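> Can you look at this prediction? I've put the sequence above it.
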Amino acid sequence: MSVLPEWTHIGVRSVAAVAILFTMTRILGKKQISQLTFFEYITGIALGELAGFISTDLEAHFMHGVTAMLVWFLIPYTFEFLALKSKKLREWFEGTGTVFIKEGKVLEDNLKKERYTADELLEQLRTKNVFNLADVEFAILESSGDLSVLLKKENQPLTPKHLGVKTAPEQESQAVIIDGNIMDEPLATRGLSREWLQTELEKIGVTLENVFIGQVDTYGQLTVDLYDDMLQVPEPSQKRLLLATLKKCEADLALYGLATDSEQPKRLYERCMLQLENVIEQVTPLLKR
């Protein structure tokens, strides 16, 4: 027998079990964590139980437990690979969604099939911020157990597309300051420099050391969260200043047109003013966001 104390054995076996379980979970993929099917749920429980078993049961052979974990790992891994090749196998192993509401009407038979009560359906709808059943056009219980809801057209939130407004594509905001330290890579991604960042911080009267998180958005505006929560930071004003500058240019063109008696320059000023007016109309929804 080994002269090592039992707690040392348990510690070593536990570390090995965690390493094996972590490796298997990484190979099986993120879906094991986010959207569990019935089969994946059973597999996850079994692997967890086996990991605990081989960690604490000193009478059992360690490799026997590892072999069992390997079998429980290979089965879902093989099934997932086969499911990628066959739609029928995918439906068999992962299941299919069940329609609960269609064309605004609740399908009671499908509720009974999934052993759902009316109260449980209303509860699931409330988790989607839907408090009136009459607002729902379509709802389906996914194989993961999540309820997907489509509101009726008149109850859906307005978007720029509904209003006929064209919007520019947005890029991910970049964290350029974290814990008072400048992040050079995100700053370079936006095509900005440390000097620009220092200038922006001076504009709002903030020191670098007082910034917990600083982000630059699509429009090049810097927003910061400070360690000192009592200090008020002014809102970014670049977009408002740009809109004001464009409107001032429009007014200047109108003034120049009125100030001249020559017809050719007057028509030129008027044409430029109309072009600028059209530009301002297009960019105003973006600059007022």
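Structure's in. What do you need? Note that the structure is a prediction, hence the values are computed from the model and not measured.
> if I look at the residue nearest to the spatial centre of the chain, how far off is V12?
With distances taken as C-alpha atoms, centre = their mean, E172 lies nearest the centre of the chain, 10.8 Å away. Distance, E172 to V12, using C-beta to C-beta, to the nearest Å: 43 Å. Placement of C-beta: from N, CA and C, glycine included.
> Tell me who's in contact with G214.
Counting by C-beta atoms under 8 Å, 6 or more residues apart in numbering, G214 makes contact with A175, V176, I177, I178, L197, L222, T223, V224, D225.
> Quick check: the fifth one touching L187?
Yes - in this structure L197 lies within contact range of L187 using C-beta atoms under 8 Å: 6.5 Å.
> Can you pull the residues that touch both of those two?
V176.
> lowest-confidence helix or strand of the protein?
Of all helical and strand segments in the chain, the minimum by mean pLDDT, DSSP states H and E falls on helix 31-34, at a mean of 48.
> now the helices for the protein?
Counting by DSSP state H, the chain has helices at residues 6-28, 31-34, 38-56, 62-85, 87-94, 108-113, 118-127, 184-189, 194-203, 238-259, 263-287.
> got the angle for the fourth one vs helix 6-28?
Here the directions of helix 62-85 and helix 6-28 differ by 10 degrees (axes from the mean of the first three to the mean of the last three C-alpha atoms, to 10 degrees).
> on that earlier part again, counting only strands, which of the contacts of G214 make the cut?
Members of the contacts of G214 lying in strands (criterion: DSSP state E): A175, V176, I177, I178, L222, T223, V224, D225.
> List the buried residues in stretch 203-214.
Buried residues in stretch 203-214, defined by neighbour count with 16 or more other C-beta atoms under 10 Å: I204, V206, V211, G214.
> meant to ask about stretch 244-253
L246, E250, L253.
> just stretch 190-200 next, same as before
Quick answer for stretch 190-200 (16+ other C-beta under 10 Å): R190, L192, W196, L197, E200.
> do the same with stretch 15-29
Buried residues in stretch 15-29, defined by neighbour count with 16+ other C-beta under 10 Å: A16, A17, I20, L21, M24, L28.
> do the same with stretch 114-131
Y116, L121, Q124, L125, V130.
> Same question for stretch 49-69.
Here stretch 49-69 shows L50, A51, F53, I54, S55, F62, G65, V66, A68, M69 as buried, counting by 16+ other C-beta under 10 Å.
> could you list every residue that touches A16?
A16 touches F62, counting by C-beta under 8 Å, 6+ apart.
> That'll do, ta.
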